[in-house]
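Trainee: For reference, the sequence and a predicted model appear below.
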Amino acid sequence: MIKIYHHPKCSKSREGLAIVEASGKPFQIIKYMDEQLPVPTLERLIDTLGIKPIELVRTNETIWKESYKGKELSDTEIIKALATHPKLIERPIVVNGKKAIIGRPPLNIKSIL
């Protein structure tokens, strides 16, 4: 089943959700701002995306700039920051089987549907 890691207040995430809905395929919405993602889940997501943890970070967020920017952080520390501050996670993320993509721009999502 397709999963979309969604933040309803984000316009790009809403656009991504509309693309997933339009596919007509069954999907599950994970509102990661309501229920924080545990570190193991984030590690699996990053692995499935095939990226480094820093590539999942919204580096323009105030939390990042004030607490983490300019520091030398390990991958583990970055993942813990994402788990602690879900607002830092790029969105939306869509997972379809063993493939995943960050929906920026949202049309990227169509490539895994």
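Mentor: Cool, got the structure. Numbering: from 1, shown residues only.
Trainee: going forward, measure contacts between C-alpha atoms and count neighbours the same way
Mentor: Fine.
Trainee: Send over stretch 104-113 as CSV, restricted to the C-alpha atoms.
Mentor: Extracted C-alpha coordinates of stretch 104-113, given in CSV (Å, rounded to 0.1, in the frame of the first residue of the first chain):
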residue,chain,number,x,y,z
ARG,A,104,9.3,18.4,-4.1
PRO,A,105,8.0,19.3,-6.6
PRO,A,106,4.8,17.4,-6.0
LEU,A,107,4.8,16.1,-9.6
ASN,A,108,7.8,13.9,-8.7
ILE,A,109,5.3,11.7,-6.9
LYS,A,110,3.8,10.4,-10.2
SER,A,111,7.1,8.6,-10.9
ILE,A,112,6.5,6.0,-8.2
LEU,A,113,2.7,5.6,-8.5
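Trainee: So what touches that stretch?
Mentor: 12-13, 15-16, 19-20, 23, 91-92, 94-96, 99-103 (Cα atoms under 8 Å, 6 or more residues apart in numbering).
Trainee: Return the subset of the residues you listed lying in strands.
Mentor: 94-96, 99-102 (DSSP state E).
Trainee: Among those, which one is most surrounded by other residues?
Mentor: The most crowded member of those, judged by other Cα atoms under 10 Å, is residue 94 (31 neighbours).
Trainee: partners of that one in the sheet?
Mentor: For residue 94, the beta-bridge partners under DSSP bridges are residue 4, residue 101.
Trainee: quick one, what contacts it?
Mentor: Residue 94 is in contact with 2-5, 100-103, 109, counting by Cα under 8 Å, 6+ apart.
Trainee: Now render the residues you listed as a markdown table, adding pLDDT.
Mentor: As requested, those are exported to a markdown table (pLDDT from 0 to 100):
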| residue | pLDDT |
| --- | --- |
| 2 | 98 |
| 3 | 97 |
| 4 | 98 |
| 5 | 97 |
| 100 | 98 |
| 101 | 97 |
| 102 | 97 |
| 103 | 96 |
| 109 | 97 |
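Trainee: what would these look like in a markdown table with distance to residue 30?
Mentor: Formatted as a markdown table, the contacts of residue 94 follow (distance: Cα to Cα, whole Å):
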| residue | distance to residue 30 |
| --- | --- |
| 2 | 11 |
| 3 | 7 |
| 4 | 6 |
| 5 | 5 |
| 100 | 14 |
| 101 | 15 |
| 102 | 14 |
| 103 | 14 |
| 109 | 16 |
